[in-house]
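Trainee: I'll drop the sequence and a predicted model, then ask my questions.
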Amino acid sequence: MNENMNADTFAWEALEARCRACQSCPLGANKTNTVFGTGNRQASLMFVGEAPGEQEDRTGIPFVGKAGQLLDKFLFAVDIPREEVYIANILKCRPPNNRDPEPSEEDACIGYLREQFRLIRPRVLVCLGRISAMRLIKPDFRITREHGHWFYKGGIWMTAVYHPAALLRDPIKKEDMLRDMMAVREKLRELE
Ligand code: URA
């Protein structure tokens with residue numbers, strides 16, 4: 001157990017250091033901070049968003065801007081403490097003006113997320129928004145039709161919910177979000 005913990009600690013440190021030094025795509029040159037990921041490295045539940053925004057780039061922490069604060073409210077509503085989950089993004093560096101990630105940027109960055117999965121081994125993965133769902137669940141994922149559906153892939157239960165930024169633009173979607181987040185909590189309870 002201790003040996004594993006030490007090996008994992010070492011692997012996390014090496015991974016984070018590589019990620020912080022990464023220049024595999026042009027975004028690395030313009031970032032303020034790398035937004036590697038935060039939370040419980042033994043989490044059963046992992047959330048994956050799209051890419052850091054302005055506040056995340058400034059602080060180095062995922063989902064701390066307006067969208068993140070809304071995510072926090074949903075976590076609170078379904079009784080999932082933020083510190084118990086792990087939160088990361090497909091991209092670790094901010095795209096200019098918050099544009100969508102380019103496929104080449106996702107390709108350059110996805111290895112860091114894969115390694116994070118491998119180390120955390122979550123039982124449930126929640127994609128925050130379409131970009132993450134298209135990359136992690138299936139390329140033709142349709143968020144309006146398929147949010148809240150469950151997929152079992154590689155030993156992990158996966159689902160996607162609306163990106164919190166989409167809820168800020170269209171608050172009517174908050175009802176679906178609450179339902180989907182309650183289903184996430186139920187799935188975790190089922191698997192306990
Ligand atoms: N949007 C994302 O997809 N990720 C963040 O970390 C913040 C906003």
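Mentor: Yep, it's here.

Trainee: contacts, neighbours, all on C-alpha from now
Mentor: Noted.

Trainee: how about the residues of the chain by the ligand?
Mentor: The chain has residues 49, 50, 51, 52, 53, 56, 62, 63, 67, 89 near the ligand, with proximity defined as CA under 6 Å from any ligand atom.

Trainee: farthest-apart pair in these, please.
Mentor: Spatial extent of the residues of the chain next to the ligand (CA to CA) is set by the pair 67 and 89 at 13.4 Å.

Trainee: comparing the two, which residue is more hemmed in?
Mentor: Neighbours of residue 67 and residue 89, each counted by other CA atoms under 10 Å, are more numerous for residue 89; the result is 24 against 16.

Trainee: in this structure that one contacts residue 46, no?
Mentor: No. In this structure residue 89 lies outside contact range of residue 46 using CA atoms under 8 Å: 10.4 Å.

Trainee: so who does the closest residue to residue 61 other than its chain neighbours touch?
Mentor: Excluding the flanking residues, the one nearest residue 61 by CA to CA, 6 or more residues apart in numbering is residue 35, at 5.6 Å. For residue 35, the contacting residues are 52, 56, 57, 60, 61, 62, 88, 89, 92, 93, by CA atoms under 8 Å, 6 or more residues apart in numbering.

Trainee: what is the helix or strand hosting residue 126 packed up against?
Mentor: Assessed by DSSP states H and E, residue 126 sits inside strand 124-128. Applying 3 or more CA pairs under 8 Å, 6 or more residues apart in numbering; DSSP states H and E, we find strand 124-128 packed against strand 45-49, strand 156-161.

Trainee: let me know the helix or strand that the residue nearest to residue 61 is in.
Mentor: Assigned by DSSP H and E, residue 35 belongs to neither a helix nor a strand.

Trainee: need the pLDDT of it.
Mentor: In this model, residue 35 is scored at 98, pLDDT.

Trainee: same question, residue 169
Mentor: According to the prediction, residue 169 has pLDDT 98.

Trainee: and for it, the neighbour number?
Mentor: Look at residue 169: counted by other CA under 10 Å, it has 9 neighbours.

Trainee: what average pLDDT does the helix or strand that comes right after the strand holding residue 126 get?
Mentor: Heading C-terminal from strand 124-128, the first helix or strand you meet, by DSSP H and E, is helix 130-136. If you average the pLDDT over helix 130-136, you get 98.

Trainee: contacts for the helix or strand that helix 130-136 is followed by?
Mentor: Following helix 130-136 in sequence order, the next helix or strand is helix 143-146 (DSSP H and E). Residues outside helix 143-146 that contact it (CA under 8 Å, 6+ apart): 129, 130, 133, 160, 161, 162.

Trainee: helix 143-146: how far from the chain's middle?
Mentor: Computed by CA atoms, centre = their mean, to the nearest Å, the chain-centroid distance of helix 143-146 equals 18 Å.
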